[in-house]
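**Q** I would like to see how this sequence folds:
(one chain, ligands or ions: 1)
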Amino acid sequence: MNFHVITLFPEVCRAYTDASILGRAQKTDKGKGAKVRGKKISVNYYDPRDYANNKNNKVDDKPYGGGPGMVMRAEPVLKAWDKAVGRKKDQKKVKTLMMSPRGKKFDQKMAKDLAKKYDHVVLISGRYEGIDSRVNKALKVQEVSVGDYVLTGGELPALTIIDSVARQVPGVLGAFESLEDDRSDAGPASSEFYTRPAEIIYKKKKLKVPSVFLSGNHAEIVKYRAEKK
Ligand code: SAH
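**A** Numbering: from 1, shown residues only. Predicted coordinates for the structure are as follows:
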């Protein structure tokens, strides 16, 4: 799976996608057994400023018809999209998502569908008041919202989507992590987890791990978790 993020703040996003599980998934895995396994995902960034083609690399301008705030210019975003996926032969494998508080609400099903159906997911992050609407018209975009609140930019929504789609890509989660659906004993609603030590003291209170977890009785643990769902 290849992600392409169009954003004015690539470095902010890269810090996140290069860390931990997503970071590992972008590397050629030469893990134990010397079996070279390929990269599972790539995350590519495109800064509209690099495609602004004017003196000050200006990416925003005043809205036609007045109103507060600035609007991101269409051309730098369209050029960034061209650079990202414009030349891909199989455009059916390309999906373009426009981050928007008015878009379709993102959920786990969308994450799974994206991972299954596409090779390239382009995520366009707006800033200021948003992006010139001609981008939506020129490209076949789907507007996506991560929730009923308004953020200052589309970067966190884009990262949210990348994170949840990437963990549906086979091989991204390692042996020690696992997809909720693959587990027999702990679905996504399994809400209780503990690790050592079995007892901690916080503000003079003893906080113990429920004894069932220390029992080693797997069936009892499964039952306990099921009841807590
Ligand atoms: N005034 C604009 C909001 C701009 S928010 C309006 O009413 O639509 C600036 C940018 O942040 C948006 O272009 C979008 O890309 C992103 N954004 C903000 N909230 C979001 C949300 N809940 N989901 C997805 N993207 C969001």
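**Q** what does the chain put close to the ligand?
**A** Contact residues, the chain versus the ligand (Cβ under 6 Å from any ligand atom): 99-102, 125-127, 129-130, 145-147, 149-151, 153-154, 157. (Each C-beta comes from the backbone N, C-alpha and C, glycine too.)
**Q** Could I get the full set of helices for the protein?
**A** Assignment of helices within the chain using DSSP state H yields the ranges 10-17, 20-25, 74-81, 108-117, 134-138, 155-166, 211-214, 218-228.
**Q** Leaving out chain neighbours, which residue sits closest to the residue of the chain found nearest the ligand?
**A** In the chain, no residue comes nearer to the ligand than G126, which is 2.2 Å away by Cβ to the nearest ligand atom. Spatial nearest neighbour of G126, chain neighbours left out: G154 (4.8 Å); criterion: Cβ to Cβ, 6 or more residues apart in numbering.
**Q** what angle sits between the longest strand belonging to the chain and helix 155-166?
**A** Secondary structure assigned by DSSP state E gives strand 94-105 as the longest strand of the chain. With axes from the mean of the first three to the mean of the last three Cα atoms, to 10 degrees applied, the angle from strand 94-105 to helix 155-166 works out at 110 degrees.
**Q** would you put the C-alpha positions of strand 94-105 in PDB?
**A** Output of strand 94-105 as PDB, limited to C-alpha atoms (Å, rounded to 0.1, in the frame of the first residue of the first chain):
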ATOM      1  CA  VAL A  94      -5.900   5.000  -6.900                       C
ATOM      2  CA  LYS A  95      -8.200   6.500  -4.300                       C
ATOM      3  CA  THR A  96      -8.200  10.200  -3.500                       C
ATOM      4  CA  LEU A  97      -9.500  11.400  -0.100                       C
ATOM      5  CA  MET A  98     -10.100  15.000   0.700                       C
ATOM      6  CA  MET A  99     -10.000  15.800   4.400                       C
ATOM      7  CA  SER A 100     -13.100  17.700   5.300                       C
ATOM      8  CA  PRO A 101     -15.200  18.200   8.400                       C
ATOM      9  CA  ARG A 102     -18.300  17.800   6.100                       C
ATOM     10  CA  GLY A 103     -17.200  14.600   4.500                       C
ATOM     11  CA  LYS A 104     -18.300  11.000   5.000                       C
ATOM     12  CA  LYS A 105     -17.500   9.900   8.500                       C
END
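**Q** That one to helix 108-117, inter-axis angle?
**A** Using the same axes, to 10 degrees: strand 94-105 against helix 108-117 is 170 degrees.
**Q** residues contacting the residue nearest the centre of the chain?
**A** Among the residues of the chain, the one closest to the centroid is I162, at 2.1 Å (Cα atoms, centre = their mean). Residues in contact with I162 (Cβ atoms under 8 Å, 6 or more residues apart in numbering) are F3, V5, T17, L22, V43, V121, L123.
**Q** Check the burial of the third one by counting its neighbours.
**A** Other residues within reach of T17 by the criterion other Cβ atoms under 10 Å amount to 23.
**Q** Surely the residue of the chain closest to the ligand is in contact with L97?
**A** No - in this structure, G126 is not within contact of L97 by Cβ atoms under 8 Å, at 11.6 Å.
**Q** Cheers, nothing more for now.
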